[in-house]
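Enquirer: 3D model of this:
(chains A, B, C, D, E and F)
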There are 4 protein chains.
Amino acid sequence: MRPESSTTGQIRRPSLIEEVRRRQILESAVTVFAELGYAKASLARIAERAGISKGVISYHFAGKDELMERLVEHVYAEITEFVVPRVTAEETVLRRIGERIRAVADYVRTNPAELRALTEVLHNLLDENGRPVYGDQFNESIYQGLEAEFRTGQASGELRPFDTRVMAVTVQAGIDAMIAYWHSYPEHDLSAHADELADLITHAITARPTTSEV
Amino acid sequence: MRPESSTTGQIRRPSLIEEVRRRQILESAVTVFAELGYAKASLARIAERAGISKGVISYHFAGKDELMERLVEHVYAEITEFVVPRVTAEETVLRRIGERIRAVADYVRTNPAELRALTEVLHNLLDENGRPVYGDQFNESIYQGLEAEFRTGQASGELRPFDTRVMAVTVQAGIDAMIAYWHSYPEHDLSAHADELADLITHAITARPTTSEV
Amino acid sequence: MRPESSTTGQIRRPSLIEEVRRRQILESAVTVFAELGYAKASLARIAERAGISKGVISYHFAGKDELMERLVEHVYAEITEFVVPRVTAEETVLRRIGERIRAVADYVRTNPAELRALTEVLHNLLDENGRPVYGDQFNESIYQGLEAEFRTGQASGELRPFDTRVMAVTVQAGIDAMIAYWHSYPEHDLSAHADELADLITHAITARPTTSEV
Amino acid sequence: MRPESSTTGQIRRPSLIEEVRRRQILESAVTVFAELGYAKASLARIAERAGISKGVISYHFAGKDELMERLVEHVYAEITEFVVPRVTAEETVLRRIGERIRAVADYVRTNPAELRALTEVLHNLLDENGRPVYGDQFNESIYQGLEAEFRTGQASGELRPFDTRVMAVTVQAGIDAMIAYWHSYPEHDLSAHADELADLITHAITARPTTSEV
DNA sequence: GATGAATGAGTTTTCATTCAT
DNA sequence: TATGAATGAAAACTCATTCAT
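Expert: Reported below is the predicted structural model:
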């Protein structure tokens, strides 16, 4: 058993070697979840992929659930680290939205498995009561970030009035769908899709005279 | 074993009682997939919910995979039956798009389990090689239907020029996300979301002078 | 999965063949618990002894815990069925106590494994909070039966005054120890022990002038 | 590995620090066996309780079995040290028996975990052939001590004639049951039980005219 | 002396599937 | 047609033990 907490109640600082092992296990888990999907991603296969025995996983993680939670954190942190600097470097709301889309596309092209694994876990992991662990609680922070952008743009007159929550949900859905589509059709031009999606959203949100008649 | 084909080589016409049983099983399956999620939906639980023994399922379906494929067909047919007449009754492209969104929202409000179950199976079912059975191949017909609409509108000048495939993927993603969001937050106003989403898409696709600068 | 309850909520009447299987499994379990002790009595070994696969046990019992609870009931019922008629046939308190002891000794000589298995489970089975499932709640009914006897005898003047609870605990302990001793030393004369124990208890409980000076 | 014997063949004299460690481990083991029971008392939990790593236990004890054997010795020695002086201070057989009972009760009230842990190991520890390590071989010395007392009393006429082995087994069982009962019902008056038990045994063994008719 | 790390056997349980009746 | 019964593989997890540092 990995010493989770000492009798002094201090948080144990993980040793270097442990850090390496955990990372290695997480990366195997990413591969396996991405390739085999949630339902077939067993600890045995993750261990096999990592070239270690099953027990090692149990040693470093309290259980499969903790492993998956760490996986989510790990991938999410990695994406954020990649995307956020590129977004904040832009100066207008429209450019920031567009850059967000392109940055995610770039990340996904470089790390094709990561986001797939993240999605698998996010969509399927249930808590002990059968409710999704990351229902939309997970997306919530993304939505709030987008809504803040939208409100800024609406205040400045750059953007038209619209329901920011619906827009946020839809924009994020468009990004996710772009990725899923590319996963299904790897020969699809991801960059072009990203540019087109950015343009689509620009049309949807920018202020200008229009007559909705749907 | 259920006689799949007679010695005469004819396709066996399912008896009435068989049809009833299959429908009963499929409906139990829908409930169980919706409530428990893909990973926890076992044949035992589906049988229990239907009040029958597990063997019956094996008798009427070749296996769990076939049951899931029939479930997908069953729900998809049901949705289509509900949505298509409402869409085709509309006369402009914009109204048809809007009606499609609202019809799906109405369906989902009346049959909350159906689409959830469909999503679970669609997202998770893999073939014997571990590839998604319904990658985006499943969405393909939806995309093509939307693209046809878009091209009609573009030809008539009603819609601006854009990549119809990206638009189709994004519109369908917006609809799916609307449903998923409502599943997470049942108190969310689904009708308002549908209207807002229709408006959003209208802005994104209608022709008018604009200067994209994203 | 064994159909535990139908949708009608009726208690399922176990079929004959199921009854036979359950009895067979319980008897294998008795043997294994008696021979290997609680800690080494695994479902695998019980199945092996019964010549069936592990799955069969899971089919007929909800889990290892239910199996053990059924084992306790099974053995306890068997002993009671054997002992009670012999005890109730006697007419004085002293003879009933003596007959109880001898009857248990006779039972144990005929069924050497049963009581050993019972003791193993009784002593070791813990509930989910780590408390003994059959703490003394199990002995409680035995104690109360003995106390009723004692009070009857005390009321009639046949027995001297004493704390009936302590006496009940001690008498039962004497019986259990007799059995355990015989298990350790199979060549020990169990009948003679039973007679001697009956005599011992007779001295301890009968009314007559005495001067306690311990 | 701990050097069990040097190359000179001498028995290694354990260093002070080693002695301390072993005692610390044994005391943690006592706590864990008492609280969790035999089946759930793992080396991991013992190490955790002691605030050390599992490896330390392996260093100081050849294995879990040796640890348990040392635990038995340790607790047994402690009890003996506590009980024997009080017993030998008494001058008649009856008083020595009574004092033995009361001393054990006093010990157990002061050290509630010790005897519980002892019982757990005694009842469950098996040798490599699956036989109990401490069948009644462990009780043998206790029985012999009691039998010596009884024979002394019988020789002096203080006690009536009876089978000393059966009496020894029963007296020891009465003591063990007293403790177990108190463990189950901590609010039970242990001292009163001890006095009553002593009285009970006095009646059972003292010489006086009686007509056994059981 | 002590530790963290790793192993591999063994545990219970779940499950899709098969089959005789 | 339907059922109860059985199977065997695979799952997650626990554990005593070993070993390099």
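Enquirer: Could you list the contact residues of chain A toward DNA strand E?
Expert: A:2-3, A:14-15, A:17-18, A:21, A:52-56, A:58-60 (CB under 7 Å from any atom of the strand). To be clear about C-beta, it is placed using only N, CA and C from the backbone, and glycine gets the same treatment.
Enquirer: number of nearby residues for the residue of chain A found nearest chain C?
Expert: Ranked by CB to the nearest CB, the top residue of chain A for proximity to chain C is residue A:128, at 14.0 Å. Per other CB atoms under 10 Å in any protein chain shown, the neighbour tally for residue A:128 reads 7.
Enquirer: Tell me how far it lies from residue A:65.
Expert: 9 Å (CB to CB, to the nearest Å).
Enquirer: swap in residue A:45?
Expert: Distance, residue A:45 to residue A:65, using CB to CB: 17 Å.
Enquirer: And the two? Which one has more around it.
Expert: Here residue A:45 and residue A:65 are set side by side on neighbour count (other CB under 10 Å), and the busier one is residue A:45, at 18 against 14.
Enquirer: Got the confidence number for the more buried one?
Expert: Model confidence at residue A:45, given as pLDDT, is 95.
Enquirer: Spit out the contact partners of it.
Expert: By CB atoms under 8 Å, 6 or more residues apart in numbering or on different chains, the contact set of residue A:45 is A:32, A:36.
Enquirer: got it, and residue A:112?
Expert: Neighbour list for residue A:112: A:34, A:183 [criterion: CB under 8 Å, 6+ apart].
Enquirer: 6 Å - rerun?
Expert: Residues touching residue A:112, when contacts are defined by CB atoms under 6 Å, 6 or more residues apart in numbering or on different chains, are absent altogether.
Enquirer: The host helix or strand of residue A:150 and chain B, any residue contact?
Expert: Secondary structure here is read from DSSP states H and E; on that basis residue A:150 sits in helix A:137-156. No. Residues of helix A:137-156 contacting chain B under CB under 6 Å from any CB of the partner chain: none, with a closest distance of 8.5 Å.
Enquirer: Would you mark the buried spots in that helix?
Expert: A:139, A:142, A:143, A:146, A:147, A:149, A:150, A:153, A:154 (16 or more other CB atoms under 10 Å in any protein chain shown).
Enquirer: now for it, which elements pack on it?
Expert: Counting by 3 or more CB pairs under 6 Å, 6 or more residues apart in numbering or on different chains; DSSP states H and E, the packing neighbours recorded for helix A:137-156 are helix A:93-110, helix A:164-184.
Enquirer: With residue D:117 as the reference, measure out to the residue nearest the centre of chain A.
Expert: The residue lying closest to the centre of chain A (CA atoms, centre = their mean) is residue A:76, at 4.9 Å. From residue A:76 across to residue D:117, the span is 47 Å (CB to CB).
Enquirer: Ok, residue A:205 next?
Expert: The spacing between residue A:205 and residue D:117, counted by CB to CB, is 71 Å.
Enquirer: likewise residue A:19?
Expert: If you go by CB to CB, the gap between residue A:19 and residue D:117 works out to 39 Å.
Enquirer: and residue A:133, how many neighbours does it have?
Expert: As a measure of burial, residue A:133 has 17 neighbours, counting by other CB under 10 Å.
Enquirer: Wait, it touches residue A:124, no?
Expert: No. The pair residue A:133 and residue A:124 does not pass the contact test of CB atoms under 6 Å, sitting 9.4 Å apart.
Enquirer: Need the residues touching each of those two.
Expert: In terms of CB under 6 Å, 6+ apart, residue A:133 and residue A:124 are not both contacted by any residue.
Enquirer: Centre of the chain to the longest helix seen in chain A, how far?
Expert: When chain A is parsed with DSSP state H, its longest helix is helix A:64-88. When distances are taken as CA atoms, centre = their mean, to the nearest Å, helix A:64-88 is centred 6 Å away from the chain's centroid.
Enquirer: got the angle between it and helix A:93-110?
Expert: Orientation of helix A:64-88 against helix A:93-110 (axes from the mean of the first three to the mean of the last three CA atoms, to 10 degrees) gives an angle of 130 degrees.
Enquirer: can helix A:64-88 be found next to DNA strand F?
Expert: Yes. Residues of helix A:64-88 contacting DNA strand F under CB under 7 Å from any atom of the strand: A:64, A:65.
Enquirer: list the buried ones in that helix?
Expert: A:64, A:67-72, A:74-76, A:78-79, A:82-83, A:86-87.
Enquirer: now check it, is it near chain B?
Expert: No. Applying CB under 6 Å from any CB, one finds helix A:64-88 separated from chain B by no less than 11.4 Å.
Enquirer: Residue A:19 and residue D:117: who's more crowded?
Expert: Ranked by neighbour count (other CB under 10 Å), residue A:19 and residue D:117 place residue D:117 first, with 27 against 12.
Enquirer: Got the confidence number for the more buried one?
Expert: Note on residue D:117: pLDDT of 96.
Enquirer: contacting residues for it?
Expert: For residue D:117, the contact set (CB under 6 Å, 6+ apart) comprises D:30, D:33, D:34.
Enquirer: Please convert those residues to CSV, extending it with neighbour count.
Expert: Below are the contacts of residue D:117 laid out as CSV (neighbours: other CB atoms under 10 Å in any protein chain shown):
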residue, neighbour count
D:30, 26
D:33, 26
D:34, 20
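Enquirer: quick one: which of those residues is nearest chain B?
Expert: Using CB to the nearest CB, the shortest approach to chain B within the contacts of residue D:117 belongs to residue D:33, at 37.3 Å.
Enquirer: So which bits of chain A are right by chain B?
Expert: Looking at chain B, the residues of chain A close enough under CB under 6 Å from any CB are A:36-37, A:39, A:94, A:98, A:124, A:126, A:135-136, A:163, A:166, A:169-170, A:173-174, A:177, A:181, A:184, A:193, A:196, A:198-200, A:202-204, A:212, A:214.
Enquirer: Show me which pair in the residues of chain A next to DNA strand E is furthest apart.
Expert: For the residues of chain A next to DNA strand E, with distances taken as CB to CB, the pair at the greatest spread is A:15 and A:54 (21.5 Å).
Enquirer: Below-threshold pLDDT in chain A: ranges please.
Expert: Applying pLDDT under 70 to chain A flags residues A:1-14, A:209-214.
Enquirer: mind running it again at 90?
Expert: Screening chain A residue by residue with the criterion pLDDT under 90, one finds the ranges A:1-19, A:126-139, A:184, A:207-214.
Enquirer: in it, what residue is nearest DNA strand E?
Expert: Closest contact between chain A and DNA strand E, by CB to the nearest atom of the strand, is at residue A:55 (2.6 Å).
Enquirer: so which helix or strand takes in that residue?
Expert: Following DSSP H and E, one finds residue A:55 within helix A:54-60.
Enquirer: All set, thanks.
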